[in-house]
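**Q** Build me a structure from this.
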Amino acid sequence: MERAVILLLIAFTSRLLKGTATESEECYRKSMLLHLRSENAALNGHVINSETTTSAVSCSFQCLKQASCLSINYNTETKRCDVNNADSKTNPDNVITEAGSMLFEIWNDIVDPCYQHECSIFETCYPAAESPMGYNCTMNSYYRDCAEVYDGGQTSSGVYFIQPDGVAIPVQVFCDMEFDGGGWTVIQNRVDGSLNFSRDWEDYKTGFGNANSEYWLGNEVIHKMTNQKQYNLYIDVTDADSIQVWAKFPSFSVSDEASLYTLTIGDQLSGNEIDHMKYHNGVPFSTWDRDNENNNEYNCGEFMESGWWYKQKYIQKGWVLHNVICYKTELNKEFYADCPELKGAKYGIGVDGDEHCLLQTNMKIKPVN
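**A** Numbering: from 1, shown residues only. Next up is the predicted model:
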């Protein structure tokens with residue numbers, strides 16, 4: 001804590017530049033060197049100005065205005081801001097204990113090596129004298145799924161970083177912390193058709209979209225996540241008449257890329273919809289540019305302009321093979337405006353021969369038990 005740099009003042013550069021070049025440079029130098037010396041402490045006997053401010057940031061401004069300022073006391077309880085013309089290095093006996101007070105000092109003799117570093121947003125910088133750069137980057141620790149985030153005390157629905165086993169870089173997901181006990185990791189979400197789901201193999205592999213809105217998490221992450229634990233899958237969709245249909249499955253996993261991200265799903269556990277996902281069990285993933293179906297005569301991914309666990313099946317009428325079925329459930333289809341039942345709605349996902357339309361879809365997973 002003693003070496004933590006106060007970065008609060010960086011955003012105030014525009015205000016500082018109202019003075020002369022020399023004044024601005026001095027203010028900038030001070031802002032870069034203000035450090036938190038200690039908490040519940042204050043420097044006594046060297047106050048040159050004292051007033052009430054709304055925050056430590058505002059108090060820091062008072063220091064910038066005083067050429068002789070070397071430290072500040074800011075009490076978070078009383079909001080008192082003291083500007084001092086001395087510091088604890090030259091006056092250690094004047095440091096007193098004061099509840100709620102924070103002592104900030106301008107340390108001219110210390111340059112924090114972590115002030116300007118090249119650590120990623122997933123790493124924390126730590127000063128290290130033995131390092132050529134003066135610091136080391138240590139990877140932060142992340143939970144493996146939203147269930148662990150929930151168990152860790154984060155119980156509000158929203159976007160979080162997670163890092164499943166084997167995933168090199170943490171990924172952002174939406175965690176549903178309210179539904180069915182919380183801890184559900186959303187792997188697919190569509191709410192308004194604003195995101196194009198007509199993507200190639202690579203996009204479906206790595207994922208696309210925004211976890212705050214519409215997105216596909218990515219087959220590679222889904223594979224690694226669903227192979228670290230056993231997961232339930234919950235699917236819910238809303239149609240053009242605002243009717244919600246849902247289904248819960250006892251097991252859900254996706255194989256690796258070498259096995260074409262093949263789907264393994266258990267028989268439907270509960271729900272108010274027919275178990276159409278069972279039709280896709282054991283089926284590899286396909287896209288328009290990677291036809292992995294069991295019949296090379298017809299490319300469902302190309303026809304549907306999407307990515308899914310497509311399975312071809314011909315419908316026979318009499319002695320004639322009349323038509324081909326690619327799916328019984330397909331939630332990544334293109335949103336379009338040709339469904340007869342849309343009745344003024346802009347877009348929907350056509351199902352049941354495009355006579356029925358879905359306006360919202362959501363797929364999420366949670367560890368069993």
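**Q** where along this structure do the helices fall?
**A** Assigned by DSSP state H, the chain shows helices spanning 13-16, 21-33, 56-65, 146-151, 201-206, 219-226, 300-304.
**Q** pLDDT at Q62, what is it?
**A** Listed pLDDT for Q62 reads 87.
**Q** Confirm for me that it is in contact with I48.
**A** No. Using Cβ atoms under 8 Å, Q62 is not in contact with I48, being 9.9 Å away. C-beta: built from backbone N, CA, C; applies to glycine.
**Q** Common neighbours of the two, please.
**A** 69, 83 (Cβ atoms under 8 Å, 6 or more residues apart in numbering).
**Q** The two - which one has more neighbours?
**A** Taking neighbours as other Cβ atoms under 10 Å, Q62 and I48 compare with Q62 leading, 19 against 14.
**Q** Bridging across strands, which residues link to the closest residue to that one other than its chain neighbours?
**A** Closest residue to Q62 apart from its sequence neighbours, by Cβ to Cβ, 6 or more residues apart in numbering: V83 at 5.0 Å. V83 has these beta-bridge partners by DSSP bridges: N49, I72.
**Q** Surely V83 and L64 touch.
**A** No. With contacts counted by Cβ under 8 Å, V83 stays clear of L64, the gap being 9.7 Å.
**Q** on that earlier part again, do you know the pLDDT at the residue nearest to Q62?
**A** 95.
**Q** Neighbours of it, how many?
**A** Considering only other Cβ under 10 Å, V83 is surrounded by 24 other residues.
**Q** Give me the neighbour count for F303.
**A** When neighbours are counted by other Cβ under 10 Å, F303 comes out with 12.
**Q** My read is that it contacts I325, right?
**A** No. Applying Cβ under 8 Å, one finds F303 not in contact with I325, separated by 11.5 Å.
**Q** on that earlier part again, where among the helices of the chain is average confidence lowest?
**A** When the helices of the chain are ranked by mean pLDDT, helix 13-16 comes last with a mean of 33.
**Q** List of residues touching stretch 194-206?
**A** Contacts for stretch 194-206 (Cβ under 8 Å, 6+ apart): 190, 208-210, 213-216, 218-220, 257, 261, 285, 287-290, 305-307, 332-335.
**Q** Could you rerun that using 7 Å?
**A** Surrounding stretch 194-206, the residues in contact under the criterion Cβ atoms under 7 Å, 6 or more residues apart in numbering are 208-209, 213-216, 218-220, 257, 285, 287-290, 305-307, 332, 334.
**Q** swap in stretch 264-280?
**A** By Cβ under 7 Å, 6+ apart, stretch 264-280 touches 233, 245-253, 263, 281-282, 309, 311, 327-329.
**Q** can you check stretch 88-97 too?
**A** 37, 40-46, 103, 105.
**Q** No more questions from me, cheers.
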